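Chemist: need the 3D shape of this:
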Amino acid sequence: MTTSARSDAAVKVWDLPTRLFHWCLVLGVISAFVARKFGDSMLVWHMTNGYFMLVLIVFRLLWGFFGSTTARFGAFLTGPGAVIAYLRGIFRGEHRSFVGHNPAGGWSVVALLTILAMQGVTGLFASDDILAKGPLAFLVSERTVAFVSTLHRWSAFALIALVMVHVGAVLFHLKQGDNLIVPMITGCKPKSCLPPGTRAVQMRGNLLALALFALAGVVVWLAIASWKW
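Modeler: Below you'll find the predicted structure:
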């Protein structure tokens, strides 16, 4: 094998659970917007989609502590100094490679999870004043339901803005020769696109991820159903 071939050897950086979470989240966001766009006839699907998104978010929080190295929050969440230094480098035309998320990308993940969690939780208490009410709307006053429903609608615009920033960042990196899409499909990056001296990423098993996903489903179900008992 030649030296150039070895330098471009694929290195696994994203585990299967992280990749499945990412693309399920993409499909879930699109599905939620499409269902809401079609109005009352798709409200049941919109609400079911919301439950699924909550399960995904709880799973990602668990996987952020117990998952593979690149999936853990401790591996990609940095202080503000590192984020500012990274962004300054971008404006100066510098290009730094990272095994997983870069400092700005790591916090964008947290922002997306936060706004999606807000969407999911407020949806549990929201109402369209016509056909549908969230399963926990009966716990609060009509005034609170009205406030939460408004927050649910307006936070959707914040979500759209974050998604646009995310897509813009992916396109920017693609222009710089750093393809972020393919590794999120295959799980691998060419060794030449990684920092020098990169070690193998510690991968956690898929069975653990499946167990955590089941746990996330139970947590969401209990959090909703327990109030009705």
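Chemist: for K133, give me the pLDDT.
Modeler: Model confidence at K133, given as pLDDT, is 81.
Chemist: no, scratch that, I was asking about A146
Modeler: For A146, pLDDT reads 90.
Chemist: just for this structure, where's the confidence low?
Modeler: Along the chain, segments meeting pLDDT under 70 span 1-8, 39-41, 129-131, 228-229.
Chemist: now the helices for it?
Modeler: Along the chain, counting by DSSP state H, helices occupy 3-7, 16-37, 43-66, 73-76, 80-91, 103-125, 142-175, 181-186, 206-225.
Chemist: how about those in TSV, adding mean neighbour count and distance to P196?
Modeler: Any C-beta I mention is one placed from the backbone N, CA and C, and that applies to glycine too. Formatted as TSV, these follow (neighbours: other CB atoms under 10 Å; distance: least, CB to CB, whole Å):
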stretch	mean neighbour count	distance to P196
helix 3-7	8	11
helix 16-37	16	24
helix 43-66	19	27
helix 73-76	16	18
helix 80-91	13	17
helix 103-125	19	19
helix 142-175	14	19
helix 181-186	14	18
helix 206-225	15	30
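Chemist: please convert the ones you listed to a markdown table, extending it with distance to C193.
Modeler: Formatted as a markdown table, those follow (distance: least, CB to CB, whole Å):
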| stretch | distance to C193 |
| --- | --- |
| helix 3-7 | 10 |
| helix 16-37 | 17 |
| helix 43-66 | 24 |
| helix 73-76 | 17 |
| helix 80-91 | 17 |
| helix 103-125 | 15 |
| helix 142-175 | 10 |
| helix 181-186 | 9 |
| helix 206-225 | 25 |
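Chemist: closest to G197 out of those helices?
Modeler: Closest approach to G197 among the helices of the chain is made by helix 3-7 (13.2 Å; CB to CB).
Chemist: quick revisit: between the helices of the chain, which gets nearest to K133?
Modeler: K133 lies closest, by CB to CB, to one member of the helices of the chain: helix 142-175, at 7.6 Å.
Chemist: from the opening residue of stretch 134-144 to its closing one, how far?
Modeler: End-to-end distance of stretch 134-144 (CA to CA, to the nearest Å): 12 Å.
Chemist: begin at 4 from here
Modeler: I'll keep to 4 as the first residue from here, and by that count the last item is stretch 137-147.
Chemist: mind listing what's buried in it?
Modeler: G137, L139, A140 (16 or more other CB atoms under 10 Å).
Chemist: residues touching the closest residue to the first one other than its chain neighbours, list them.
Modeler: Closest residue to G137 apart from its sequence neighbours, by CB to CB, 6 or more residues apart in numbering: L127 at 4.4 Å. Under the criterion of CB atoms under 8 Å, 6 or more residues apart in numbering, the contact partners of L127 comprise G53, G137, P138, L139, A140, I227.
Chemist: looking at those, which is nearest P106?
Modeler: Here the nearest of the contacts of L127 to P106, counting by CB to CB, is G53; it sits at 30.8 Å.
Chemist: relative to V29, how far out is that closest one?
Modeler: Using CB to CB, to the nearest Å, G53 is found at 16 Å from V29.
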